[in-house]
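Undergrad: Give me coordinates for this.
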Amino acid sequence: MSGELVRFISDLQEGEALRFVEESLAKGVDPKQLLDEAKEGMNIVGRRFSEGTYFIPDLMFSGEILKGVVKILQPHLKKGKEAERKGKVIVGTVAGDIHDIGKDLVVFMLDVNGFEVLDLGIDVPVQKFVDAVKESGSRVVGLSGFLTLAFQSMKNTIEEIQKAGLRDKVKIMIGGGQVDEQVRKFTGADAYGKDAMEAVSLANGWIGG
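TA: Next comes the predicted model:
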């Protein structure tokens, strides 16, 4: 996909991106197509961040652009959106970590790909995750953490879900700056995702069918 909106978002051109969305809607362009272009633009931003071309301020700015785009598109997307929900996913940044950049992107991507997302926010206490699993009946949990100290919190959260007798009822994915296979093994998670689209793929594999 190589639409203009992809370029505007991936190059962090906020004014151009918002103007393009409004003009495109006025011309009758399908809002879903614009949303797909926004997703592709954010994927490129994510890749550039991973490669070291973009930095945290760029990531945060892209998130602001995305919020603006979604705000314009939302009224045009709502009609068909509720009918295609695939399942519930709980997402939150673990205790001790206040970063919401990656988490917000994951929440957005899951939402636009048809999942009902329960966003618990940042610095989420272990018990809040346990309660959310109990109360929501969600079969997927996403734990986010940008700092290395978050790994212990992820491990603690998964252990408490286990102690509550809920571990076999949910699939748990983790993600964040330094997360890799070693961290996955340490925490006891089922899988890890390097970016928001991997989180969507994992959720699709577990409950999307």
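
Undergrad: got a list of what Leu105 touches?
TA: Met42, Gly46, Gly63, Leu66, Ala196 (CB atoms under 8 Å, 6 or more residues apart in numbering). Quick note: C-beta positions are derived from backbone N, CA and C, even for glycine.

Undergrad: er, Leu73 actually
TA: So Leu73 contacts Val21, Leu25, Pro31, Leu34, Leu35, Ala38 (CB under 8 Å, 6+ apart).

Undergrad: confidence score at the most centrally placed residue in the chain?
TA: With distances taken as CA atoms, centre = their mean, Val106 lies nearest the centre of the chain, 0.5 Å away. At Val106, the pLDDT value in this model is 88.

Undergrad: I'd say it and Gly145 touch.
TA: No. At 12.0 Å, Val106 does not count as touching Gly145 under the criterion of CB atoms under 8 Å.

Undergrad: so what's in contact with these two at the same time?
TA: Gly175.

Undergrad: Scan the chain for its longest helix.
TA: Longest helix in the chain by number of residues (criterion: DSSP state H): helix 56-81.

Undergrad: Name the surrounding residues that touch stretch 14-28.
TA: Residues from elsewhere that reach stretch 14-28 (CB under 8 Å, 6+ apart): 4-5, 8-9, 31, 34, 41, 61, 64-65, 68-69, 72-73, 76.

Undergrad: For it, buried residues please.
TA: Glu14, Glu16, Ala17, Leu18, Phe20, Val21, Ser24, Leu25 (16 or more other CB atoms under 10 Å).

Undergrad: measure Val89 to Ser138 for me?
TA: Going from Val89 to Ser138 by CB to CB, to the nearest Å gives 6 Å.

Undergrad: Which two among the contacts of Leu73 are spaced furthest apart?
TA: Within the contacts of Leu73, Leu25 and Ala38 form the most distant pair, 12.7 Å apart (CB to CB).

Undergrad: need the helices for this protein, in chain order.
TA: Applying DSSP H to the chain gives helices spanning 4-10, 14-26, 31-51, 56-81, 101-112, 126-136, 150-163, 181-187, 196-203.

Undergrad: quick check: domain ranges of the chain?
TA: When the chain is parsed with automatic domain parsing, its domains come out as 4-83, 85-208.

Undergrad: Cross-check the contact I'm expecting between Ile9 and Leu35.
TA: No. The criterion here is CB under 8 Å, and Ile9 misses it with Leu35 at 11.4 Å.

Undergrad: the more surrounded of the two?
TA: More crowded of Ile9 and Leu35, by other CB atoms under 10 Å: Ile9, with 28 against 19.

Undergrad: Skipping its backbone neighbours, what lies nearest the more buried one in space?
TA: With sequence-adjacent residues excluded and distances taken as CB to CB, 6 or more residues apart in numbering, Ile9 is closest to Gly41, at 2.9 Å.

Undergrad: Pull up the gap between that neighbour and Ile101, please.
TA: As defined by CB to CB, Gly41 lies at a distance of 16 Å from Ile101.
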